[in-house]
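1. 3D model of this:
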Amino acid sequence: MNCCINNRAVGAQQMARTLDQLKEISESIIRRAAYEIWIKKGMIHGGDMDDWLEAEGDEAVMMEITMNIAHDSLFYKLYKAKKNQSFTSSAFGEIIVDVIENFLCEVQLGNMVKSLEVSLEDVNEKERILRIQNIILRASVETFFWMMYIKHSESRGTEQTRIDEYRGNFCDQYNKIHSDISAQPFVSALAGSGGIGSISTSFAFPNKLDVRSMLDHVKNDFGNKISYIYPIYRLASLSVHGIDIMSLKKFFFKSGGAFPYVKWDKVVQVISSEYFHMLP
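-> Next up is the predicted model:
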């Protein structure tokens, strides 16, 4: 499966289908809202257009549309952004395009897992599938936090400084494992054609923050710090570390029941919406 978005893979017909789908989704949401308005008004006939216009002007309805079409809109906007050379040649532009392409691949994979989970009836089997979804989500969420920090933190240096922190994070993580993966028998277990050289320590990167501290420097549209979403990262991390196995849950939670999992669709919509606004 080719997840990449490129000029050959995304043609005019695919763009037309995407736009048609966005229009269909939008009209479906407005139609439902207009119907609810009609009911509240006492189901009086003859005011169809007024009900429709009232639904279109409702901020909650517009927010629902934005959240529902965010992923497809992001796909389309990314396609256009990649043609914008001045944007893709900038430090942030190069990074965010790469990040969003990875994210769209993660969404495809996560949706496949989600469809499998829905088809299962056994609760335990569903929970095992949700673990996989959490693992995919963890990668998406951490990168998303970094992008939000780089783009929206005005209290910690310049955007370039924060990009350097992001690069420094990769440098630190890679050099930590370099000595281990360079030794046999690990090399024989690695795939890929790239070399396993160390990264020069001559790069002067600023000290990076941990994830929670990073979020403390980012504020939402209401001026509030977004560190309140940190638990999403921690919850997904349980699956990444392999400690959310059923035997442990049964030991500590005698009453049984499903373990909490992050809602895949909701998180994908939120991330897609934010990435959408980071593109030109």
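2. I'd like the distance between the closest residue in space to residue 58 that isn't next to it in sequence and residue 56.
-> Closest residue to residue 58 in three dimensions, ignoring its sequence neighbours and counting by Cβ to Cβ, 6 or more residues apart in numbering: residue 33, at 6.3 Å. Bear in mind the C-beta positions are built from the backbone N, C-alpha and C, glycine included. Residue 33 is 8 Å from residue 56, where distance means Cβ to Cβ, to the nearest Å.
3. Which residue of these two possesses the greater neighbour count?
-> More neighbours surround residue 33 than the other of residue 33 and residue 56, with 21 against 14 (other Cβ atoms under 10 Å).
4. Which strand or helix spans that one?
-> Secondary-structure element containing residue 33, defined by DSSP states H and E: helix 12-40.
5. helices or strands up against the following helix or strand past that helix?
-> Scanning the chain past helix 12-40 towards its C-terminal end, the next helix or strand to appear is helix 48-56 (assignment: DSSP H and E). Counting contacts by 3 or more Cβ pairs under 8 Å, 6 or more residues apart in numbering; DSSP states H and E, helix 48-56 packs against helix 12-40.
6. in stretch 134-145, what's buried?
-> Using 16 or more other Cβ atoms under 10 Å as the burial criterion, the residues of stretch 134-145 that qualify are 134-138, 140-141, 143-145.
7. Ok, stretch 43-57 next?
-> For stretch 43-57, the buried set under the neighbour-count rule, 16+ other Cβ under 10 Å, comprises 51-52, 54-55.
8. cool, and stretch 113-126?
-> So for stretch 113-126, counting by 16+ other Cβ under 10 Å, buried means 113-114, 117, 126.
9. Can you show me the helices along the stretch 51-200 of the chain?
-> Assignment of helices within the stretch 51-200 of the chain using DSSP state H, counting those that start in this stretch yields the ranges 59-81, 85-88, 91-119, 123-152, 159-181.
10. Next, the angle from the third one to helix 159-181.
-> What that stands for is helix 91-119. With axes from the mean of the first three to the mean of the last three Cα atoms, to 10 degrees as the basis, helix 91-119 and helix 159-181 are set at 60 degrees to each other.
11. Could you tell me the angle between helix 91-119 and helix 123-152?
-> 170 degrees.
12. In which helix or strand does residue 223 reside?
-> Taking DSSP H and E as the criterion, no element holds residue 223; it sits outside all helices and strands.
13. Roughly how far does it sit from residue 154?
-> Applying Cβ to Cβ, one obtains 12 Å for the distance of residue 223 from residue 154.
14. swap in residue 213?
-> As it turns out, when the distance is counted by Cβ to Cβ, residue 213 lies 16 Å from residue 154.
15. Could you do residue 53 as well?
-> Here the distance between residue 53 and residue 154 works out to 38 Å (Cβ to Cβ).
16. same check, this time on residue 221
-> In this view, residue 221 and residue 154 are 14 Å apart by Cβ to Cβ.
17. Among the two, which residue is more densely surrounded?
-> Relative neighbour count places residue 154 above the other of residue 221 and residue 154, with 11 against 5, counting by other Cβ under 10 Å.
18. Okay, now the unreliable bits of the stretch 51-200 of the chain?
-> Of all residues in the stretch 51-200 of the chain, those with pLDDT under 70 make up the ranges 63-72, 179, 181-200.
19. contacting residues around residue 152?
-> When contacts are counted by Cβ atoms under 8 Å, 6 or more residues apart in numbering, residue 152 touches 218-219.
20. Tell me the spacing between it and residue 278.
-> Distance, residue 152 to residue 278, using Cβ to Cβ: 9 Å.
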